[in-house]
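Asks: Quick one: sequence and predicted model below, then my questions.
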Amino acid sequence: MNERPAGSRRYSYLGPAGTFTEAALKQVPEAVGEDWRPVANLGEALNDVVTGVSDAAMIAIENSIDGGVTVAQDALATIPDLRIVGEYLVPVSFVLVARPGARLEDVEVVAAHPVAYGQCRAWLDGNAPGHRHLQATSNVQAAADLFDPEKGIDAAIAPPGIADHYDVEVLAEGIAENPDAETRFVLVSRTVPVGEPTGADKTSLIVELPDDRAGALLDLLEQFATRGVNLTLLASRPVGDRMGRYRFVIDAEGHVKDERVADALLGVKRFSPNVVFLGSYPRADRIAASIRDAHDDGTFRDARDWLRGVIEGTADSEG
Ligand SMILES: O=C(O)C(=O)Cc1ccccc1
């Protein structure tokens, strides 16, 4: 499995072919024409990266309906030496499929990835009220499972392109609650040097708070607020060692090579007992951060130059 032609790169993704995760990988220009390895779950995808079986893995990290994919957040918090190197958005919609000739009124057991099921549950409750949910490892695997007689499945929730991959009949389209749902994916590699800022970047961190201190979360947020760094994600996850201990998953606008972000990170590092830097990478939506004058790179540099001048006696202390 480890043997690859020299220079070729391998990418792991949640398979089989046709998943939304594969659609996210298709957005990565440098992955085109390389070796794509379908895997059965997140653990396998990240393990491939850790062990060097693959160079990178595409994983779902956040959903516009359900919020954070908590298993992915927890894995990134605890597996050392991983880096997020890119972010991708995929619009998601779902169809209900069955073996050819099946009828909706006969559907009892529905295979679905849990995140997909959560988004389509209201439709199923209305249209197949007596149904039972059987978990599938991915949206495409749910459809593949229709052809495994041991699973006893009548229908599956799958991506709209599923009929290109399997001989299935579409019983209903557009069954998700929100037609504009999107899933955010990240490309994860082993630790590599951070790239250059593009002007529309994000920085991901996982931060633990100091124990039992009133206002600790406010102190954490202040590190970003006082440097004009906007947050796009703040989620708490249990550390898992004892009740009541949480770590915070943070996405901040900007790049660690932007002065205001670097300064905020130094503040966070001074204050938190454990900071995991997950990466600075271009934003999928390419929206540039809005920065007030007091927080642009030049202002930070001027302030540092002034301080150096004060210390060296070459600048007016009121300058
Ligand atoms: O990539 C897929 O197709 C998956 O099965 C994971 C998933 C589930 C629901 C929304 C987006 C991705």
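Replies: Right, received. Where do you want to start? Residues are numbered from 1 along each chain as shown.
Asks: Tell me the gap between the helix ranked longest in the chain and the middle of its chain.
Replies: Identified as the longest helix of the chain according to DSSP state H is helix 297-312. A distance of 37 Å separates the centroid of the chain from that of helix 297-312, by Cα atoms, centre = their mean, to the nearest Å.
Asks: quick one: strands adjacent to the least confident helix or strand in the chain by mean pLDDT?
Replies: Least confident helix or strand of the chain, by mean pLDDT, DSSP states H and E, is strand 67-68 with a mean of 81. If you go by DSSP bridges, strand 67-68 pairs up with strand 56-63 (antiparallel).
Asks: List of residues touching the partner strand?
Replies: 9, 11-14, 20-22, 24-25, 28, 31, 39, 42, 45-46, 48-49, 68-69, 72-73, 85, 88, 92, 115, 119, 181-189, 233 (Cβ atoms under 8 Å, 6 or more residues apart in numbering). The C-beta positions use only the backbone N, C-alpha and C, and glycine is treated the same way.
Asks: which bits of the stretch 101-250 of the chain sit near the ligand?
Replies: Proximity of the stretch 101-250 of the chain to the ligand, by Cβ under 6 Å from any ligand atom, involves residues 113, 115-116, 138-139, 159, 183.
Asks: Can you show me the CA trace of stretch 10-29 as CSV?
Replies: Only the C-alpha atoms of stretch 10-29 are listed here, as CSV (Å, rounded to 0.1, in the frame of the first residue of the first chain):
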residue,chain,number,x,y,z
ARG,A,10,-2.0,10.0,-2.4
TYR,A,11,-5.2,11.5,-0.9
SER,A,12,-7.5,9.6,1.4
TYR,A,13,-11.2,10.4,1.4
LEU,A,14,-14.5,9.0,2.7
GLY,A,15,-15.6,6.6,0.0
PRO,A,16,-16.8,4.9,-2.1
ALA,A,17,-16.6,7.2,-5.1
GLY,A,18,-19.4,9.7,-5.4
THR,A,19,-19.5,11.0,-1.9
PHE,A,20,-19.6,14.7,-1.1
THR,A,21,-16.1,14.2,0.4
GLU,A,22,-14.9,13.1,-3.1
ALA,A,23,-16.6,16.3,-4.5
ALA,A,24,-14.6,18.3,-2.1
LEU,A,25,-11.3,16.6,-3.2
LYS,A,26,-12.2,17.4,-6.8
GLN,A,27,-11.9,21.0,-5.9
VAL,A,28,-8.1,20.6,-5.1
PRO,A,29,-6.2,21.4,-8.3
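Asks: Pull out the buried residues from it.
Replies: 10-16, 18-25, 27-28 (16 or more other Cβ atoms under 10 Å).
Asks: Flag whichever of the residues of the stretch 101-250 of the chain next to the ligand scores worst on pLDDT.
Replies: Here the lowest pLDDT out of those sits on Val115, with 91.
Asks: give me the element the closest residue to the ligand within the stretch 151-300 of the chain is part of.
Replies: Residue nearest to the ligand within the stretch 151-300 of the chain: Thr183 (4.0 Å; Cβ to the nearest ligand atom). Using DSSP states H and E, Thr183 falls within strand 182-190.
Asks: Can you tell me what sits against that strand?
Replies: 11, 20-21, 24-25, 28, 46, 49-50, 52, 55-64, 76, 81-92, 115, 204, 281, 284.
Asks: Report the buried members of those residues.
Replies: Judged by 16+ other Cβ under 10 Å, buried ones among the contacts of strand 182-190: 11, 20-21, 24-25, 28, 46, 49, 55-63, 76, 82-90, 92, 115, 204, 281, 284.
Asks: Identify those among those that sit within strands.
Replies: 11, 56-63, 82-90, 204, 281 (DSSP state E).
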